[in-house]
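Colleague: sharing a model prediction with you, sequence too.
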Amino acid sequence: MPERKIFAGPKVRRIRNALALTQTAMAKALEISPSYLNLIERNQRPLTVQLLLKLSAAYRIDLDELQGETAGGLGELKEVFADPLLSGELPGDQELVEVADAAPNAASGMIKLYRAYREQAARLSDLTALMAGEGRAPVATGRLPLDEVREVLERRSAYFADIEAAAERFTNGLAAGTGLKDWLKNEHGISTRILPVHVMPDLRRRFDRHSMRLFLSERLSAADQAQEIAIEVARLALRPEIEAALEDLPLSSDEARRIARFEVTRSAGLALLMPYGAFFLAAQNTRYDIDLIRARFAVSFSQAASRLVMLQRPGAAGIPFFLMESDAAGHVIRRAGALGFPQARFGGNCPKLAIHAAFQEPGRILAETVAMPDGSVFLTIARTLEGPVAEFGERVRRTALLLGCDAALRDGLVYGRSDVAPVAIGPACRLCERRGCLSRAEPPLTRPLALDETSSGLGSFDFQ
């Protein structure tokens, strides 16, 4: 059996320095030459099993210290360099391994700086939301292109008039019995093929211009495969309307416009799958029952809910919903609104919202009324969403979606029970001053902490 080779030069150097040994002295104890030890310390030669045993015998060193993985700081360093600000700085993990190995104190300092940066960014974000809610100018911050696109789309209506009209003209012009997949083949010679996981392990879809084939992953549900086909059709058939919509968005860079093009094309794909007029009538006739709607159009819960947010045609407008999707860790993946996402009024970051409870009951729709500190009341509908099919041993990607609207409109919805008292929530823990909240995760920015040795409140943080 070949020897297992371990490169741990910086660790050997730290051990030698801690023992105040010269390279010559340590090399003599290990029965190797000083030049060979020098190569080991510079990671140009490996530590063999025999050398590990000699190190352990000569200096009573725990072998796990040398054989084990790099200190736990490596995982945290990976998190630091996964941040969008630094994601392109390193070609791989080897440099991180070397930093964590050779300079653990410097690595620890880097991690502390990054945590402080994230904490200050979170505080600044909350402060900006607080100032915006009071009608004051937000704090100026540098934004990444993705953040810029999200902010622009969250603040405007999810309805694109020209795209909706073009999508209806397109679907009305299709011959009877002709679907979007047939149109791709007949008009552009693009055939569609489902590929197994081992052939396309990392992609949802891929268009091959040389063979004129659209490849879709077998991981996708039938509804998700239909959406990918619709996106390809929208990219070809609705390009002028999509480009015109992009021109109306206040974006500052080509990268932001590229990201926005994908998001707008995705919306156009939904408009092709669920044409406005037919979808609007179905929504009204079912009292916005999402399960009935998605069955009628053969789409997913997520697709039907996203389409409801887009119903704002003058003279044929639906209930002005807003939407938020989050993962189990509370990371917000997307926000949208028929009139823009109501960030100032609703917030969406309260841990008491049903979107978080939905993970405990996958697949079940949770409908409840929530009340904000300023008296605003909303009806919310939450449900988990399943991602692509996972292989055995692979963790399923599960997110949750929250659909909301003003509670005054709940009589028009199948979910609008009025006999249940609203749940008292807040925009976010840092901005909420509700006392005695069992779900509070952070103290409010607007109040000083109340530290009293003789008493303590029900919440995790007491404040004045």
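Modeller: Thanks, I have it. Numbers count the residues shown, from 1 in each chain.

Colleague: tell me, how many residues neighbour L246?
Modeller: 17 (other C-beta atoms under 10 Å). For the C-beta atoms, the positions are set from N, CA and C on the backbone; glycine is no exception.

Colleague: should've said L402
Modeller: When neighbours are defined as other C-beta under 10 Å, L402 has 24 of them.

Colleague: check whether it sits in a helix, strand or coil.
Modeller: strand (DSSP: H, G, I helix; E, B strand; the rest coil).

Colleague: which SSE is immediately downstream of the helix or strand that contains R118?
Modeller: Per DSSP states H and E, R118 falls inside helix 104-133. Going down the chain from helix 104-133, the next helix or strand is helix 145-155, by DSSP H and E.

Colleague: any chance you could list what contacts that next one?
Modeller: Applying C-beta atoms under 8 Å, 6 or more residues apart in numbering, the contact partners of helix 145-155 are 84, 143, 249-253, 255-256, 259-260, 263, 334-337, 340-341, 343.

Colleague: so which of the residues you listed are in strands?
Modeller: 334-337 (DSSP state E).

Colleague: ranges for the strands of the stretch 201-350 of the chain?
Modeller: For the stretch 201-350 of the chain, the strands defined by DSSP state E, counting those that start in this stretch occupy 205-208, 213-217, 312-313, 316-317, 322-327, 332-337.

Colleague: among those, which is nearest L281?
Modeller: strand 316-317 (9.2 Å; C-beta to C-beta).

Colleague: single out the most deeply packed of the strands of the stretch 201-350 of the chain.
Modeller: Mean neighbour count (mean count of other C-beta atoms under 10 Å) peaks for strand 322-327 among the strands of the stretch 201-350 of the chain, with a mean of 22.

Colleague: and it, how far out from the chain middle?
Modeller: 10 Å (C-alpha atoms, centre = their mean, to the nearest Å).

Colleague: pairing partners for it, with directions?
Modeller: Next to strand 322-327 in the sheet, as set by DSSP bridges, lie strand 332-337 (antiparallel), strand 398-406 (antiparallel).

Colleague: let me see the mean pLDDT of it.
Modeller: In this model, strand 322-327 has an average pLDDT of 96.

Colleague: for stretch 240-259, same thing?
Modeller: The model assigns stretch 240-259 a mean pLDDT of 93.

Colleague: number the chain from 39, please
Modeller: Sounds good: first residue 39 from here, last item stretch 278-297.

Colleague: in it, what's buried?
Modeller: Going by neighbour count (16 or more other C-beta atoms under 10 Å), the buried part of stretch 278-297 is 279-280, 283-284, 287, 289, 294-295, 297.

Colleague: so of those residues, which ones are in helices?
Modeller: Applying DSSP state H to the buried residues of stretch 278-297, the entries found in helices are 279-280, 283-284, 294-295, 297.

Colleague: can those go into a markdown table with extra columns for distance to P400?
Modeller: Compiled in a markdown table, those are given as follows (distance: C-beta to C-beta, whole Å):
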| residue | distance to P400 |
| --- | --- |
| E279 | 37 |
| I280 | 35 |
| A283 | 35 |
| L284 | 36 |
| A294 | 35 |
| R295 | 37 |
| I297 | 30 |
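
Colleague: out of these, which one sits closest to L319?
Modeller: E279 (22.9 Å).

Colleague: now the helices for the stretch 339-488 of the chain?
Modeller: 339-346, 381-384, 392-395 (DSSP state H, counting those that start in this stretch).

Colleague: mean pLDDT and distance to F416 for those - can I get that in a markdown table?
Modeller: Formatted as a markdown table, the helices of the stretch 339-488 of the chain follow (pLDDT from 0 to 100; distance: least, C-beta to C-beta, whole Å):
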| stretch | mean pLDDT | distance to F416 |
| --- | --- | --- |
| helix 339-346 | 97 | 15 |
| helix 381-384 | 86 | 6 |
| helix 392-395 | 94 | 11 |
